[in-house]
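Novice: Turn this into a model:
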Amino acid sequence: MFSVVVLISGSGSNMRALLEAASDPDYPARIVAVGADRPADGLEHAADFGIPSFDVPFTAYASREEWGEELAKQLRAWSPDLVVLSGLMRLLPAAVVEEFGPNIVNTHPAFLPEFPGAHGVRDALAAGAERTGASVIVVDDGVDTGPILAQERVEIAPDDTESSLHDRIKPVERRLLIDVVRRVATGDIDLTNPA
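Specialist: Residues are numbered from 1 along each chain as shown. Okay, the predicted model is just below:
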């Protein structure tokens, strides 16, 4: 069975949707572990589904590279076919990307390459954009610069706040993520040549 490790930083709402999808016997991938870079509420979702979890607190390490070494050690223990960043608010060190890439995907709440970085929703509103979106990409050593696997537009309402807009983007992110993981697991997407 195609195995997936999901990495999170927060509530894990997108990850929970993936856990629900993967609990269907017909879904071609299984979540084997969930990891976090801090004590994250989303780890409770893993417990709800009986999925093992681990945390590698970023602040416990002297450098991003040392943190990355421990994260890589944890990932190796699960030998995942795919690593999914689902709200992990931390750039992976280059050594982690090199070891596990290109089999690392990330969700992003914008229509990349528009509004990359940690504040995609806020940046779209600040720019006065009329629409934004959601994307799923292959992680490379840049900031939201990897090949785009799937994306969809989301209109911005005149009265949208960062919270209300993000709430409308999240269901799109979830649907795209579930579909991309399915397509990677079945071989419909080749991460070594995603175009």
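Novice: Going by C-alpha atoms from here, please, whenever you check contacts or count neighbours.
Specialist: Fine.
Novice: Give me the contact list for the longest helix along the chain.
Specialist: Assignment by DSSP state H gives helix 162-185 as the longest helix of the chain. The set of residues external to helix 162-185 that reach it, using C-alpha atoms under 8 Å, 6 or more residues apart in numbering, is 2, 14, 17-18, 21, 27-29, 107-109, 121-122, 125, 133-136, 149-152, 154, 156, 189-191.
Novice: Which strand or helix spans residue 92?
Specialist: Using DSSP states H and E, residue 92 falls within no helix or strand.
Novice: meant to ask about residue 98, not that
Specialist: For residue 98, the host element (DSSP H and E) is helix 94-100.
Novice: after that helix, next one along is what?
Specialist: strand 104-108.
Novice: Now do the same for stretch 170-190: mean pLDDT, whole number.
Specialist: Averaged across stretch 170-190, pLDDT comes to 97.
Novice: In this structure, mark out all the helices, start to finish.
Specialist: 13-22, 43-48, 64-78, 94-100, 120-126, 162-185.
Novice: quick one: buried residues of the longest one?
Specialist: Buried residues in helix 162-185, counted by 16 or more other C-alpha atoms under 10 Å: 165-166, 168-170, 172-174, 176-185.
Novice: same question, the first one
Specialist: Residues 13-19, 21-22 are the ones in helix 13-22 that count as buried (16+ other C-alpha under 10 Å).
Novice: The fourth one now?
Specialist: Of all the residues in helix 94-100, those buried under the rule 16+ other C-alpha under 10 Å are 96-97, 100.
Novice: any idea which of those is the one closest to residue 61?
Specialist: Residue 61 has its nearest neighbour among the buried residues of helix 94-100 in residue 96, at 15.4 Å by C-alpha to C-alpha.
Novice: separation between that closest one and residue 64?
Specialist: For residue 96, the distance to residue 64 (C-alpha to C-alpha, to the nearest Å) stands at 11 Å.
Novice: what's the answer for residue 11, then?
Specialist: Plainly put, residue 11 is 23 Å away from residue 64 if you go by C-alpha to C-alpha.
Novice: same check, this time on residue 4
Specialist: 23 Å.
Novice: higher neighbour count, the two?
Specialist: Higher neighbour count among residue 4 and residue 64: residue 4, with 24 against 15, using other C-alpha atoms under 10 Å.
Novice: Correct me if wrong: the more buried one contacts residue 76.
Specialist: No: using C-alpha atoms under 8 Å, residue 4 is not in contact with residue 76, being 11.9 Å away.
Novice: Columns distance to residue 141 on top of the helices of the chain, output as a markdown table?
Specialist: Formatted as a markdown table, the helices of the chain follow (distance: least, C-alpha to C-alpha, whole Å):
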| stretch | distance to residue 141 |
| --- | --- |
| helix 13-22 | 23 |
| helix 43-48 | 26 |
| helix 64-78 | 13 |
| helix 94-100 | 6 |
| helix 120-126 | 18 |
| helix 162-185 | 20 |
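Novice: do you know which of the ones you listed lies nearest residue 34?
Specialist: Minimum separation from residue 34 across the helices of the chain (C-alpha to C-alpha) falls at helix 43-48, 6.5 Å.
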